[in-house]
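>>> Only the shape, not the letters, is given here:
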RNA sequence: GCGGCCAUCGUUCAAUGGUAGGACAUUGGGUUGUGGUCCCAAGAAUGAGGGUUCGAUUCCCUCUGGUCGCCCCA
């Protein structure tokens, strides 16, 4: 019976559906056409109603997650200080050109992922997709070339990339970035790794792998690029269509392709290391020696080229392996960019830097249950009852603060029961209660929340009494 | 940018082609000014828009968002 009904219904539906669907499709097409040809502005969600939702790939970082962020910020600041970095903040918005010229016009980041717009004044600008370009701009603009070398800059803030979000990948994410200008010695390269290692250790993140490679000087890189282009030209017809434009424009992207067919071809391609000149090779080997000396494990990764064009010589990427899925996720990376500053119109100035993705650090910390920075919790609750007491409560609260006693309260509530319930939930050790009587007598009640006992003390002895009581409770707890 | 999966109170988990239910959380209360446990009560959700249907949260489509894989990266 039921079967019969369903089939009948389904059949009926199917007929109706197809016709309706087809009709609808046509209507939609017409609507699209008119929208395209007509002068009417494209309708967007935000014009219709207030959409109470974050934009795709953007998110709120709520109080509960903040302790992790605070922990990361503290570690970054500490390490920056230890290694002599000065903080720099640059604007989120820069001329689009700055990024196109520094990062490279044929890179994924610039081609597909940049937030660009024209200002009211007609400037073509972009939200920064990374931090180094702005730092380099600032370096040149403020004549830092004449500052004592090396110039070490630390920056931290949001960057924007319009790609498709998933876990640990957002359109707005936060990076911490360290850049050093004016030193070409490979020991700096190793020091960058050391700093990254220090940060990750301080955050409790394990299963980290440092992948390192050298892509040579701009000159050898250009030569290597030509070699690769020549090589891949031979396989043009065997390569999937989407890779073909890269042959001329950016053959490095074919080298690190994960597509097995492409990887098979790429395996035969000229090696980056073989293409290096003597100087680059010496630099890289020295760098590795320093890493050995530091005792930091690394993986030499021939396929590592980095997605940004400005890199020269040393490049590295920091991966973390997920203990459950065995999937690896990039936490950050960096490398030398010895020619970028000159290329951007500044002095000939070697530089090196690296960045870490804070969102991913936090994600990792949460996954492994790393401890986060805990904000100090109040141990005292101030409760009030009656008009007069309520009036005195604000001043009393300020007194406690001034004495360094972190205090919770719930002044908006009138009834004592509710306030003490709140105090209990806040996990405080002491409640201070001021009622009508106490307010008149100028006294307060101190209640030991752990034992339930309480005493009345004169208001001017309150601070001392609270401190003593807290001390006693701590003592008892230790035993 | 491509493909797959998913979408129910603040959170989490149910259920159904016919009034969407619990738990946790929240708020109020359990007689005058005393917390924890407990009891009572209240508010609170089918992401949006269309379609099929007498009736859709359930079936279909589009959009939005999330998520996974690819791409790329942090």
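Nice, thanks for sending it over. In this text, all values refer to a predicted model and were calculated from it rather than measured experimentally.
>>> Stretch A:142-152: end-to-end distance?
14 Å (Cα to Cα, to the nearest Å).
>>> Give the helix, strand or coil label for the residue in chain A positioned nearest to RNA strand B.
Nearest to RNA strand B in chain A, going by Cβ to the nearest atom of the strand, is residue A:307, at a distance of 1.3 Å. (C-beta placed from N, C-alpha, C; glycine too.) Under the three-state scheme (DSSP: H, G, I helix; E, B strand; the rest coil), residue A:307 adopts coil.
>>> Quick check: what element follows the helix or strand containing residue A:365 along the chain?
Using DSSP states H and E, residue A:365 falls within helix A:358-367. Using DSSP H and E, the helix or strand that follows helix A:358-367 in sequence is strand A:380-384.
>>> any residue of that following strand up close to RNA strand B?
No: with Cβ under 7 Å from any atom of the strand as the criterion, RNA strand B is not reached by strand A:380-384; the gap is at least 8.3 Å.
>>> wouldn't the residue of chain A closest to RNA strand B be in contact with residue A:108 here?
Yes: counting by Cβ atoms under 8 Å, residue A:307 touches residue A:108, with 5.8 Å between them.
>>> one step back: report all helices and strands that the helix holding residue A:365 contacts.
Packing contacts for helix A:358-367, counted by 3 or more Cβ pairs under 8 Å, 6 or more residues apart in numbering; DSSP states H and E, involve helix A:66-82, strand A:172-181, strand A:328-336.
>>> Rebuild the ones you listed as JSON lines, extending it with mean pLDDT and distance to RNA strand B.
Supplementary listing: the helices and strands packed on helix A:358-367 in JSON lines, determined by pLDDT from 0 to 100; distance: least, Cβ to the nearest atom of the strand, whole Å:
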{"stretch": "helix A:66-82", "mean pLDDT": "95", "distance to RNA strand B": "13"}
{"stretch": "strand A:172-181", "mean pLDDT": "96", "distance to RNA strand B": "4"}
{"stretch": "strand A:328-336", "mean pLDDT": "92", "distance to RNA strand B": "3"}
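>>> sorry, back to before: check the spacing between the residue of chain A closest to RNA strand B and residue A:474 real quick.
54 Å (Cβ to Cβ, to the nearest Å).
>>> Neighbour count: these two, which is higher?
Remark: of residue A:307 and residue A:474, residue A:307 carries more neighbours, 19 against 11, as counted by other Cβ atoms under 10 Å.
>>> check contacts around residue A:69.
A:61, A:358, A:362 (Cβ atoms under 8 Å, 6 or more residues apart in numbering).
>>> of these, buried ones?
Among the contacts of residue A:69, the ones that count as buried by 16 or more other Cβ atoms under 10 Å are A:358, A:362.
>>> how about the contacts of residue A:69 in a markdown table, adding pLDDT?
Shown next, in a markdown table, are the contacts of residue A:69 (pLDDT from 0 to 100):
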| residue | pLDDT |
| --- | --- |
| A:61 | 92 |
| A:358 | 96 |
| A:362 | 93 |
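>>> Show me the contact partners of the helix holding residue A:365.
Counting by Cβ under 8 Å, 6+ apart, A:65, A:68-69, A:71-72, A:156, A:167-168, A:170, A:173-176, A:200, A:203-205, A:320, A:322, A:329-332, A:370, A:372 sit against helix A:358-367.
>>> Same question for stretch A:215-234.
A:239, A:246-248, A:251-252, A:254-255, A:265, A:268-270, A:272, A:275-277, A:279-280, A:305-306, A:311-313, A:315, A:335, A:338-339.
>>> Any quick ChimeraX command for the buried ones out of those residues?
In ChimeraX syntax, the buried subset of these is picked out as below (16+ other Cβ under 10 Å):
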select /A:239,246,247,251,252,254,255,265,269,272,275,276,280,305,306,311,312,313,315,335,338,339
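>>> Among the contacts of stretch A:215-234, which lie within strands?
Among the contacts of stretch A:215-234, DSSP state E puts A:312, A:313, A:315, A:335 in strands.
>>> In contact with the second one: list those residues for me.
With contacts defined as Cβ under 8 Å, 6+ apart, residue A:313 is in contact with A:189, A:214, A:215, A:216, A:217, A:280, A:283, A:284, A:335, A:336, A:338.
>>> JSON lines please, covering these and showing distance to residue A:446.
Shown next, in JSON lines, are the contacts of residue A:313 (distance: Cβ to Cβ, whole Å):
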{"residue": "A:189", "distance to residue A:446": "61"}
{"residue": "A:214", "distance to residue A:446": "68"}
{"residue": "A:215", "distance to residue A:446": "69"}
{"residue": "A:216", "distance to residue A:446": "72"}
{"residue": "A:217", "distance to residue A:446": "73"}
{"residue": "A:280", "distance to residue A:446": "72"}
{"residue": "A:283", "distance to residue A:446": "69"}
{"residue": "A:284", "distance to residue A:446": "68"}
{"residue": "A:335", "distance to residue A:446": "61"}
{"residue": "A:336", "distance to residue A:446": "63"}
{"residue": "A:338", "distance to residue A:446": "67"}
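>>> okay, who's weakest in the residues you listed by pLDDT?
On pLDDT alone, residue A:217 ranks lowest of these, at 84.
>>> and that one, how many residues sit next to it?
Counted with other Cβ under 10 Å, residue A:217 comes out at 19.
>>> Phi first, then psi, for it.
phi -80, psi 170 (degrees, to the nearest 10).
>>> any chance of the helices and strands packed on helix A:358-367 in JSON lines, with distance to residue A:426 too?
What follows is the helices and strands packed on helix A:358-367, written out as JSON lines (distance: least, Cβ to Cβ, whole Å):
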{"stretch": "helix A:66-82", "distance to residue A:426": "17"}
{"stretch": "strand A:172-181", "distance to residue A:426": "31"}
{"stretch": "strand A:328-336", "distance to residue A:426": "36"}
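>>> Could you list the low-pLDDT ranges of the stretch 151-300 of chain A?
A:258 (pLDDT under 70).
>>> Residues of it that sit close to RNA strand B?
Counting by Cβ under 7 Å from any atom of the strand, the residues of the stretch 151-300 of chain A that sit close to RNA strand B are A:161, A:163-171, A:173, A:175, A:253, A:256-259.
>>> How much space separates the nearest residue to residue A:255 once chain neighbours are set aside from residue A:214?
Nearest in space to residue A:255, with sequence neighbours left out and distances taken as Cβ to Cβ, 6 or more residues apart in numbering, is residue A:266 at 5.2 Å. According to Cβ to Cβ, residue A:266 stands 18 Å off from residue A:214.
>>> And these two? Which one has more around it.
Regarding residue A:266 and residue A:214, a neighbour count based on other Cβ under 10 Å identifies residue A:214 as having more, with 31 against 23.
>>> So which elements touch the helix or strand residue A:438 falls within?
Assigned by DSSP H and E, residue A:438 belongs to helix A:436-441. Contact partners of helix A:436-441 among helices and strands, from 3+ Cβ pairs under 8 Å, 6+ apart: helix A:387-402.
>>> I figured residue A:456 was touching residue A:443, is that so?
Yes: here residue A:456 lies in contact with residue A:443, judged by Cβ under 8 Å, at a distance of 5.1 Å.
>>> More neighbours: these two, which one.
Neighbour totals were compared for residue A:456 and residue A:443, and residue A:443 leads with 19 against 12 (other Cβ under 10 Å).
>>> Wait, the more buried one touches residue A:457, no?
Yes: using Cβ under 8 Å, residue A:443 is in contact with residue A:457, at 6.3 Å.
>>> okay, and the common contacts of those two?
What both residue A:443 and residue A:457 touch, as defined by Cβ under 8 Å, 6+ apart, is an empty set.
>>> Ramachandran angles for residue A:169?
phi -140, psi 110.
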